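K.L.:
show me how the following folds:
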Amino acid sequence: MSVDIVMPQMGESITEGTVSKWLKAVGERIEKDEAILEISTDKVDAEVPSPGAGILLEIRHQEGETVEVGTVVAVVGEEGEQAANGNQPSAVSSQPEVTPAAVVPEPEPVEEKVAAAVAPNSQNPTNAPNSTNSSNSTEIVMPQMGESITEGTVSKWLKAVGDKVEKDEALLEISTDKVDAEVPSTAGGTLLEIKVQEGETVEVGTVVALVGAEGGVSSQPQPAQKAAVETTAAATGSDVPSVEIAKEEVMAMPASVPSNGQASPSNGQMTAEELRRTKSSPLVRNIAKEHGIDISRIGGSGMSGRVTKTDIMSFIESGAALRPQDLLKGGAPAINLPATAVSTYVPAQTTAAAGDRTEKMSVMRKKIAEHMTFSKQTSAHVTSVYEFDMSNVAKFRDKNKAEFQARYGTKLTYMPFIFQAVSNAIRKFPVVNAQVSGENIIFKGDINLGMAVALDWGLIVPVIKKADTLSLSGLALAANDLADRARTKKLNPDEASGGTFTITNPGVFGGLFGTPIINQPQVAILCVGTIEKRAKVLTSPEGDDYIAIRQMAYFALTYDHRIVDGADAERFLAFMKEFLETSQFGL
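P.N.:
Residues are numbered from 1 along each chain as shown. So this is what the prediction gives:
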């Protein structure tokens with residue numbers, strides 16, 4: 001009997017995964033619990049074991065494809081067994097097909113007038129609007145891209161009405177305040193109707209398109225019906241937001257936007273200023289919030305004057321967001337800049353030459369690129385560097401590492417000592433264990449230390465939760481376990497999230513120190529340089545200077561100068577220096 005291999009749930013907030021590599025080919029033998037493929041999420045890379053033994057009968061999703069959790073990606077069964085066809089029928093609406101008059105709400109003064117305007121069409125079937133047969137079409141909805149995501153913006157349609165669409169083929173691109181993503185079609189067929197245009201922001205679950213059988217007719221109402229609804233609304237003097245006809249909503253036509261970009265406020269329609277403030281994408285509003293920018297001051301180039309990501313980034317790069325008059329109470333008057341008025345950076349054209357190798361970015365590499373770029377645009381980065389004498393730590397480690405290895409079966413490195421020093425320093429200077437939320441500073445109660453682990457295919461930051469509650473040996477065991485499982489793709493997404501402070505250790509490769517980028521939404525990151533013997537000038541208790549060989553290292557703290565002052569950073573490093581140089585450690 002065949003067994004389905006599904007995209008696993010890798011954490012509470014993970015809704016999809018990408019097939020990064022197949023470890024077996026169709027026809028190969030697989031043992032139970034043997035790794036069959038590797039997947040990538042926005043948190044971790046992991047191997048997926050086969051739940052049963054047998055032959056790999058079918059691979060349904062190729063490397064690079066992103067699918068929802070629970071999707072069947074492969075089938076394993078006995079040799080010669082036929083793989084079951086896992087293609088599910090298109091989603092079918094459970095609503096019966098009804099005539100326009102049947103769905104008019106119970107009579108109220110305004111709705112009665114609307115019903116009167118629409119109902120005549122129901123008397124003659126030939127005049128009724130063509131509606132998509134629910135058995136022949138599938139609704140494509142704005143997907144839920146995370147627990148806290150309530151809306152998304154259609155950034156680009158990849159297909160046009162009338163185009164053929166395959167099941168799971170990318171249909172459109174959307175933007176949220178967390179990610180940009182492609183939305184695959186949940187059914188194969190023809191794109192019958194696009195309900196939400198590029199630049200529009202709608203709530204999760206909103207129908208954005210219909211896909212159905214070729215030759216099908218969309219449920220878009222006829223012009224005569226639209227006119228009837230609009231005429232009735234105008235006659236009553238009321239704003240009629242929508243009336244359900246057949247299965248879909250007929251929306252009152254938006255007010256026209258003159259060439260000056262200002263929408264007419266009549267009939268309850270929003271002005272261009274309101275559109276910019278409330279209908280720009282969540283990503284744009286988040287950038288505006290981070291930089292303290294009033295979106296209404298920016299002339300939008302998007303639909304109906306909406307501000308796009310390009311608009312707001314150009315505005316920031318122009319320096320307008322930092323002008324003194326913009327800091328005055330009440331702000332400056334609205335600035336409507338044409339798209340060409342602000343110069344934008346255009347990267348140099350790159351082309352592959354003979355001998356070059358072009359490689360598509362992995363999911364992890366794209367996420368790292370986005371995260372690092374966002375951090376540089378968000379935080380005011382400053383770095384302070386101290387030199388620590390690690391001789392005290394080195395002596396204790398040399399004396400106890402053999403016993404530690406025998407007792408716990410793992411190495412005693414320098415990092416647990418550093419983790420312990422960081423935890424103690426954070427208790428004394430909690431501002432480096434904080435986050436920024438608008439105009440508020442959130443001082444985190446837990447000390448969750450992220451430790452950057454270099455992988456052959458990228459970088460990952462597993463987190464030691466509540467590090468301040470662990471002993472030196474506990475920190476060593478937790479760190480080694482997380483690092484080992486990160487390198488073998490055995491981490492859960494929850495083990496790579498929730499960090500409040502990060503430590504990176506390029507010193508393991510010989511680097512003296514670095515100026516790392518802050519791991520958002522944190523406000524500080526510590527960089528540990530190589531620990532090596534150096535000649536140092538010391539002073540004896542009698543006041544005599546002498547030269548000695550000591551184990552020395554540079555420690556660099558990069559911090560967000562929006563809330564962490566230089567004095568805080570200096571005191572933090574000074575405390576760590578004294579702790580590591582003078583503490584009496586115990587396992």
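K.L.:
so which elements touch the strand or helix carrying Asp484?
P.N.:
Element membership for Asp484 (DSSP states H and E) is helix 472-487. Counting contacts by 3 or more C-beta pairs under 8 Å, 6 or more residues apart in numbering; DSSP states H and E, helix 472-487 packs against helix 391-408, helix 415-428, strand 449-451, strand 453-455, strand 463-464. C-beta: built from backbone N, CA, C; applies to glycine.
K.L.:
so which of the ones you listed comes closest to Ala556?
P.N.:
Of all the helices and strands packed on helix 472-487, helix 415-428 sits nearest to Ala556, with 12.7 Å by C-beta to C-beta.
K.L.:
counting by contacts, list what the helix or strand just after the closest one packs against.
P.N.:
Note on helix 415-428: by DSSP H and E, the next helix or strand toward the C-terminus is strand 434-437. When contacts are defined as 3+ C-beta pairs under 8 Å, 6+ apart, strand 434-437 packs onto strand 440-443.
K.L.:
now do the strand it packs on, average pLDDT.
P.N.:
The average pLDDT within strand 440-443 is 94.
K.L.:
just the CA atoms of that strand, as CSV, please.
P.N.:
Extracted in CSV, the C-alpha atoms of strand 440-443 (Å, rounded to 0.1, in the frame of the first residue of the first chain):
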residue,chain,number,x,y,z
ASN,A,440,8.1,52.5,22.6
ILE,A,441,11.0,50.4,23.9
ILE,A,442,10.2,46.9,25.0
PHE,A,443,12.7,45.5,27.6
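K.L.:
excluding covalently adjacent residues, which one is nearest to Tyr559?
P.N.:
Distances taken as C-beta to C-beta, 6 or more residues apart in numbering place Ala524 nearest to Tyr559, at 4.4 Å, with adjacent residues excluded.
K.L.:
wait, what's in contact with the one you found?
P.N.:
Contact analysis of Ala524 by C-beta atoms under 8 Å, 6 or more residues apart in numbering lists 432-433, 501-502, 518, 557-560, 564, 569, 572.
K.L.:
ok, so of the residues you listed, who is nearest Ser375?
P.N.:
Ile518 (5.2 Å).
K.L.:
on that earlier part again, now, the contacts of Ala524 that are in strands?
P.N.:
501-502, 557-560 (DSSP state E).
K.L.:
could you export the residues you listed as JSON lines, including pLDDT, neighbour count and distance to Phe404?
P.N.:
Below are the ones in strands among the contacts of Ala524 laid out as JSON lines (pLDDT from 0 to 100; neighbours: other C-beta atoms under 10 Å; distance: C-beta to C-beta, whole Å):
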{"residue": "Phe501", "pLDDT": "97", "neighbour count": "24", "distance to Phe404": "25"}
{"residue": "Thr502", "pLDDT": "97", "neighbour count": "23", "distance to Phe404": "25"}
{"residue": "Leu557", "pLDDT": "98", "neighbour count": "25", "distance to Phe404": "28"}
{"residue": "Thr558", "pLDDT": "98", "neighbour count": "26", "distance to Phe404": "31"}
{"residue": "Tyr559", "pLDDT": "98", "neighbour count": "26", "distance to Phe404": "33"}
{"residue": "Asp560", "pLDDT": "97", "neighbour count": "24", "distance to Phe404": "36"}
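K.L.:
ok, those residues vs Glu139, which is closest?
P.N.:
Set against Glu139, the nearest of the ones in strands among the contacts of Ala524 by C-beta to C-beta is Thr502 (42.4 Å).
K.L.:
quickly note the distance from Ala213 to Asp398.
P.N.:
Between Ala213 and Asp398 the computed distance is 75 Å (C-beta to C-beta, to the nearest Å).
K.L.:
show me which of the two is the more surrounded one.
P.N.:
Ala213 (16 against 10; other C-beta atoms under 10 Å).
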